[in-house]
Structure formats: C-alpha cells, structure tokens
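A.B. asks: need coordinates for the below:
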Amino acid sequence: MVICKFEKINKREFIPHLDIVRAFNMAFRRAGLFVNYSEGFNPHALFFFCQPLPLGIMSKAEYFCVDTIECASDVTSKLNMTLPNGLKILKAKNVINNPNFAANCMKADYVVEYEDELPDFDIRKTLLDKNEFMLTKADKNGVSKTKNVRNLIFKLSQNKNLLKMQLGYGGDNLRADAFIRQFSEFYAWHSVVKCIKKIKVYDKNGINFDKRYFDS
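C.D. replies: Residues are numbered from 1 along each chain as shown. This next block holds a predicted model:
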C-alpha cells in the first residue's frame with residue numbers, strides 16, 4: 001500500500017472527481033506502475049480517495065491510497081512525469097493498511113480569494129457568536145431546503161481580500177462553495193470570487209492529515 005498527498009490546481013478544479021480517478025489510473029499505466037485490482041466480473045484498480053472535491057475548488061491537500069507493491073519514492077517520481085498539468089504528487093509513503101481517508105476526515109481549512117477587499121463584517125459578533133447560520137440549497141429534485149449549519153463552521157476570519165475558514169468535511173460536510181454563496185447573501189456583499197482553495201484536512205481528533213499519516 002502507498003498513501004499519497006496531491007494537489008489539484010490551475011484549471012483542474014473544473015474536472016469532476018471521477019475523471020480525476022481515471023487520470024490517476026491512466027497515469028499509473030503510463031508509468032508502468034503495478035496496481036492490484038478487485039476481483040469479480042468487472043475488476044477495477046484499487047484506489048481509495050478522500051471525500052470528492054466539488055467542481056471549481058482548487059486544493060493543496062488531496063489524499064488517496066493505492067494497493068500496490070511499488071515503493072513510495074517510485075510512485076512520486078514516475079507519477080509526476082505522467083500526470084496531466086495541474087495534478088502533482090506532493091508526498092507519498094508506504095503503509096501496511098489502507099488508512100481509509102474518507103472515513104477519518106472531519107474538518108478542512110479553506111482560503112477564499114476575492115477580487116475586492118472585504119468590508120469589516122465583525123464576523124465574530126455577527127456570525128460566530130450566534131447559534132444559527134441557515135443555509136438554503138436545492139436537493140437533487142430541485143426542492144429548496146434550509147438547514148442550520150452553524151455547528152459545521154469551526155473557524156472564520158478575514159484579512160484584506162482573503163476569507164479563511166474551517167468547515168465540516170467528510171460525513172458531516174459543509175461544501176465551501178455553498179457556504180460562500182450563503183455568506184455573500186448573509187452580508188449582502190457580492191464581490192467576485194477569484195478562487196477557493198482547500199489547504200488542510202483534519203481527522204476526528206483535530207490532527208492534520210499530514211502530521212497523522214506522513215510525519216509519524
């Protein structure tokens with residue numbers, strides 16, 4: 001088993017999750033790297049990714065595990081020669097067992113860059129000190145539903161044209177793009193969002209994935 005951290009930047013934020021999985025599958029083939037396959041009528045390469053990243057969001061903190069006998073250094077060097085631009089392996093490590101990234105993630109840090117400098121919203125007084133932050137979104141049938149997501153907003157701060165936030169990620173997930181839309185409505189402020197970038201992921205004990213899986 002090899003676990004990997006990778007980045008998804010540039011125009012790759014507009015590629016769906018399943019296409020990212022296919023890109024890694026093809027990159028392994030082009031690099032001549034061995035991957036174990038599932039059994040059964042329709043076998044597939046054994047890749048195990050973290051939670052899917054919504055379209056339009058860049059990331060410096062994506063993770064997956066692959067069932068392979070290759071060494072981590074070969075996976076890093078060979079994949080980075082065969083992956084398309086915008087996808088890059090940042091770290092890799094050999095492990096014995098699949099860490100199940102998707103089940104262990106709980107929070108994620110994001111940075112939102114706006115075209116204009118944010119006004120002084122006094123975020124703590126107007127939002128963080130409150131017990132409610134109502135988010136309205138449409139379900140798969142197009143029916144609008146409103147839900148209190150205040151318990152999924154862990155940190156929020158602003159600095160010039162940047163909004164930094166720590167949101168629920170994983171089983172109790174708060175999509176960064178959905179939150180940003182509601183944030184704009186909440187303050188009646190609609191500057192152009194230049195980019196949304198995920199920069200860190202944390203487990204259920206609040207430990208950064210890098211520290212838990214790569215620094216131990």
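
A.B. asks: list of residues touching the helix or strand where residue 19 lies?
C.D. replies: If you go by DSSP states H and E, residue 19 is part of helix 17-31. Outside helix 17-31, the residues that touch it by C-beta atoms under 8 Å, 6 or more residues apart in numbering are 8, 12, 15, 35, 45, 47, 49, 52-53, 64, 66, 68, 78-79, 81-84, 87. The C-beta positions use only the backbone N, C-alpha and C, and glycine is treated the same way.

A.B. asks: and it, how far out from the chain's middle?
C.D. replies: Taking the mean of its C-alpha atoms, helix 17-31 sits 18 Å from the chain's own mean (C-alpha atoms, centre = their mean, to the nearest Å).

A.B. asks: can you give me the end-to-end span of stretch 140-152?
C.D. replies: 21 Å (C-alpha to C-alpha, to the nearest Å).

A.B. asks: okay, now the sheet partners of the helix or strand of the chain with the lowest mean pLDDT, with direction.
C.D. replies: When each helix and strand of the chain is scored by mean pLDDT, DSSP states H and E, strand 134-138 comes last, with a mean of 86. Strands adjacent to strand 134-138 in the sheet, as given by DSSP bridges, are strand 144-148 (antiparallel).

A.B. asks: run the chain-centre distance for the strand it pairs with.
C.D. replies: How far strand 144-148 lies from its chain's middle: 23 Å, per C-alpha atoms, centre = their mean.

A.B. asks: give me the residues contacting that strand.
C.D. replies: Contacts of strand 144-148 with the rest of the structure, by C-beta under 8 Å, 6+ apart, involve 132-139.

A.B. asks: check which residues of stretch 49-57 are buried.
C.D. replies: 49-51, 53-54, 57 (16 or more other C-beta atoms under 10 Å).

A.B. asks: let me redo that: stretch 112-121
C.D. replies: 112, 114, 118, 121.

A.B. asks: show me where the chain has its strands.
C.D. replies: 2-8, 47-49, 58-66, 87-94, 105-114, 134-138, 144-148, 153-159, 162-168, 193-203 (DSSP state E).

A.B. asks: what packs against the helix or strand just after the longest one?
C.D. replies: This points to strand 193-203. Later in the chain than strand 193-203, the nearest helix or strand by DSSP H and E is helix 209. The contact analysis (3 or more C-beta pairs under 8 Å, 6 or more residues apart in numbering; DSSP states H and E) places helix 209 against strand 193-203.
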